[in-house]
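Trainee: A predicted structure for the sequence below; I have some questions about it.
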4 protein chains.
Amino acid sequence: MGQAERVGVSLDKKLLGMFDDLIARQGYSNRSEAIRDLIRTRLSEQRLAKPSTQAVAGVFLVYDHHSTQLAGKLVRLQHSHLLQVIASTHVHLDHHNCLEVIILKGKVREIEKVADSMAVLKGVKLSKVNVMTTGKDLT
Amino acid sequence: MGQAERVGVSLDKKLLGMFDDLIARQGYSNRSEAIRDLIRTRLSEQRLAKPSTQAVAGVFLVYDHHSTQLAGKLVRLQHSHLLQVIASTHVHLDHHNCLEVIILKGKVREIEKVADSMAVLKGVKLSKVNVMTTGKDLT
Amino acid sequence: MGQAERVGVSLDKKLLGMFDDLIARQGYSNRSEAIRDLIRTRLSEQRLAKPSTQAVAGVFLVYDHHSTQLAGKLVRLQHSHLLQVIASTHVHLDHHNCLEVIILKGKVREIEKVADSMAVLKGVKLSKVNVMTTGKDLT
Amino acid sequence: MGQAERVGVSLDKKLLGMFDDLIARQGYSNRSEAIRDLIRTRLSEQRLAKPSTQAVAGVFLVYDHHSTQLAGKLVRLQHSHLLQVIASTHVHLDHHNCLEVIILKGKVREIEKVADSMAVLKGVKLSKVNVMTTGKDLT
């Protein structure tokens, strides 16, 4: 956190009580931290709605690793988008299935295009993409 | 609002500036109101995650009104769940399609069951359900 | 439905069994209907991602009806967007709270703007907007 | 894929045309594959709604790596849930921020609890959790 400012917020007693209960259950150490998180999440959502926002994302692919061609195709796809792919983690789920988490950086619009091109590959059973702002400026 | 309490929140200057920009664009008259809305939304989401929470919902159905049997079936379905259905609004969309918005009150779990039984009716093309807490206590 | 075409889909026996179980529990009368619903929902989501798509929406507002100025402001807001507001339904929730469901038609982008301008009104405790395609062409 | 079965689906010509356009743009090689993906996604969503479902998840945390205590706390948290944490990947975002993707396996209910306990840590600016079924049986 850079330079801090203390602002006053007027809250109904009952509403405040319920909020305090919730954040205590969640494990927050103080109210300011919980309110800062609400504000950062709101700002982040607002930005991610714009396709040109710089973001970081994880593409999750569950696939049958017996479809051996898939692994090669995925590697080629990652390299053809070299600037965006940062890392990928491979997890063994069971005898048939594995999970690949591919971490990308780029504009929201481009991330979705790359994620789509991975999701349709033969052998991929399930896919999801999780997009986040990079946290820059969200002090 | 019942009895109000003023609480101090410590925020980074830059984060505060971005939040003030956002809520000005949205049209909020003051910061307290915007923060209260964030808190109420958070509390509401938390409650709706529990299937036993009392809620109010709108079931949206887009259907072809030429499938005349559907209207009758929908009315019967609404009456068979008499305690929960509060109102329904019918909107003419175009020559073929109409929208029916059915407002229900009840436990989250029951609302989803009723919504499901409407979504599968022959003639219904699209359906969605929008669930909210009733606002009770969220002063 | 206009002119129908029968297409063959190759499915793993186990996957098909699980799908048949699910749609039987949901109450579908046949498999084609369930698959048509999946396809229509997918097409609808794809369209709603574009801000220029014509859509129909319900704005849900939970508010304290003792804040008497709100009702008037809402009516004025609805009239200032006269072309888009089709209907609104008012539901009494408890001694303090009521729900207003305002049905709008227009481009996704405009719907979100109008919904935002309603959500920030003083007295509105919770708000949500539910956007759907109009079903046109989704035969 | 195990033993396959060919099923016939009756679709309106126009609807089929729009679906074929969409999947061609997405890059699917054939219609069966696209419909199988819709079915698997639907089955997966249904299962994830149950808190007891075995799932795999990625917890995404954006945090300031200058808050040096956080890294240690995260490692301790991961080890206190030893059975569930499979892997974690650390990504450098900019001078201040980094992303940690922690991959967990377990029941939906437990995953959410662990994710919550990480999200509230001082120094974590943004967090999101992405939950998926393991793909077992979704042949």
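Mentor: That came through, no problem. Numbering: from 1, shown residues only, chains lettered A, B, ... in the order given.

Trainee: Just checking, which helix or strand of chain A averages the lowest pLDDT?
Mentor: helix A:68-80 (a mean of 76; mean pLDDT, DSSP states H and E).

Trainee: Next, the buried residues of the helix or strand that it is followed by.
Mentor: Per DSSP states H and E, the first helix or strand lying C-terminal to helix A:68-80 is strand A:85-92. The neighbour-count check on strand A:85-92 (16 or more other CB atoms under 10 Å in any protein chain shown) flags A:85, A:86, A:88, A:89, A:91 as buried. No exception for glycine: its C-beta is placed from N, CA and C like everyone else's.

Trainee: beta partners for the third one?
Mentor: Taking DSSP bridges, one finds residue A:102 as the beta-bridge partners of residue A:88.

Trainee: Out of the buried residues of strand A:85-92, which comes closest to chain B?
Mentor: residue A:86 (25.8 Å; CB to the nearest CB).

Trainee: rewinding a little: rebuild the buried residues of strand A:85-92 as JSON lines, extending it with pLDDT.
Mentor: Below are the buried residues of strand A:85-92 laid out as JSON lines (pLDDT from 0 to 100):
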{"residue": "A:85", "pLDDT": "81"}
{"residue": "A:86", "pLDDT": "85"}
{"residue": "A:88", "pLDDT": "86"}
{"residue": "A:89", "pLDDT": "89"}
{"residue": "A:91", "pLDDT": "89"}
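
Trainee: From those residues, pick the one nearest residue C:45.
Mentor: Of all the buried residues of strand A:85-92, residue C:45 sits closest to residue A:85, with 26.1 Å by CB to CB.

Trainee: Who's the closest spatial neighbour of that closest one, skipping the chain neighbours?
Mentor: Computed as CB to CB, 6 or more residues apart in numbering or on different chains, the closest residue to residue A:85 that is not its neighbour in sequence is residue A:78, at 4.5 Å.

Trainee: quick one: that neighbour and residue A:87 touch, right?
Mentor: No. Assessed by CB atoms under 8 Å, residue A:78 is found out of contact with residue A:87, at 9.9 Å.

Trainee: got any residues that touch both of these two?
Mentor: Shared contacts of residue A:78 and residue A:87 (CB atoms under 8 Å, 6 or more residues apart in numbering or on different chains): residue A:102.

Trainee: isn't there a helix covering residue A:66?
Mentor: No. Counting by DSSP: H, G, I helix; E, B strand; the rest coil, residue A:66 is not part of a helix but coil.

Trainee: give me phi/psi at it?
Mentor: The phi/psi pair for residue A:66 (degrees, to the nearest 10) reads phi -80, psi -20.

Trainee: Repeat that for residue A:111.
Mentor: phi -60, psi -50.

Trainee: ok, it - contacts?
Mentor: A:55, A:57, A:84, A:104, A:129, A:131.

Trainee: which SSE is the fourth one in?
Mentor: Secondary structure here is read from DSSP H and E; on that basis residue A:104 sits in strand A:97-107.

Trainee: which secondary structure elements does that strand contact?
Mentor: strand A:54-64, helix A:68-80, strand A:85-92, helix A:108-119, strand D:85-92, strand D:97-107 (3 or more CB pairs under 8 Å, 6 or more residues apart in numbering or on different chains; DSSP states H and E).

Trainee: What residues sit buried inside the last one?
Mentor: Buried residues in strand D:97-107, defined by neighbour count with 16+ other CB under 10 Å: D:97, D:98, D:99, D:100, D:101, D:102, D:103, D:104, D:105, D:106.

Trainee: Off-centre distance for it?
Mentor: 10 Å (CA atoms, centre = their mean, to the nearest Å).

Trainee: do the fifth one as well
Mentor: Averaging C-alpha coordinates over strand D:85-92 and over its chain gives two centres that are 14 Å apart (CA atoms, centre = their mean).

Trainee: pLDDT averaged over the helix or strand containing residue A:132 - what is it?
Mentor: Applying DSSP H and E as the criterion places residue A:132 in strand A:124-133. The average pLDDT within strand A:124-133 is 94.

Trainee: same question, stretch A:5-14
Mentor: Stretch A:5-14 comes out at a mean pLDDT of 93.

Trainee: List the contacts of the closest residue to residue A:90 other than its chain neighbours.
Mentor: Nearest residue to residue A:90, sequence neighbours excluded (CB to CB, 6+ apart): residue A:100, at 5.4 Å. Counting by CB under 8 Å, 6+ apart, residue A:100 touches A:59, A:60, A:61, A:63, A:74, A:88, A:89, A:90, A:91.

Trainee: wait, the last one sits on residue D:57?
Mentor: No. Taking CB under 8 Å as the definition, residue A:91 is not a contact partner of residue D:57, at 10.9 Å.

Trainee: Out of all residues in chain A, which is the farthest from the middle?
Mentor: residue A:13 (34.7 Å; CA atoms, centre = their mean).

Trainee: Pull up the gap between the nearest residue to that residue once chain neighbours are set aside and chain D, please.
Mentor: Leaving out its chain neighbours, the residue that sits closest to residue A:13 by CB to CB, 6+ apart is residue B:3, at 4.7 Å. For residue B:3, the distance to chain D equals 28 Å [CB to the nearest CB, to the nearest Å].

Trainee: Please apply the same query to residue A:128.
Mentor: 6 Å.

Trainee: before we move on, what about residue A:13?
Mentor: For residue A:13 relative to chain D (CB to the nearest CB), the value is 24 Å.

Trainee: Domain boundaries for chain A, per the record?
Mentor: A:13-48, A:54-133 (automatic domain parsing).

Trainee: List the contacts of residue A:126.
Mentor: A:60, A:61, A:62, D:40, D:41, D:44, D:132, D:133, D:135, D:138.

Trainee: From those, list the ones also adjacent to chain B.
Mentor: Applying CB under 8 Å from any CB of the partner chain, the subset of these adjacent to chain B is empty.

Trainee: Out of those residues, which comes closest to residue C:124?
Mentor: Once CB to CB is applied, the member of these that ends up nearest residue C:124 is residue D:41, at 34.7 Å.

Trainee: and that closest one, how many neighbours?
Mentor: Neighbour count of residue D:41, defined by other CB atoms under 10 Å in any protein chain shown: 19.

Trainee: How about residue A:10?
Mentor: 16.

Trainee: Find the nearest non-adjacent residue to residue A:43, please.
Mentor: Excluding the flanking residues, the one nearest residue A:43 by CB to CB, 6+ apart is residue B:18, at 5.7 Å.
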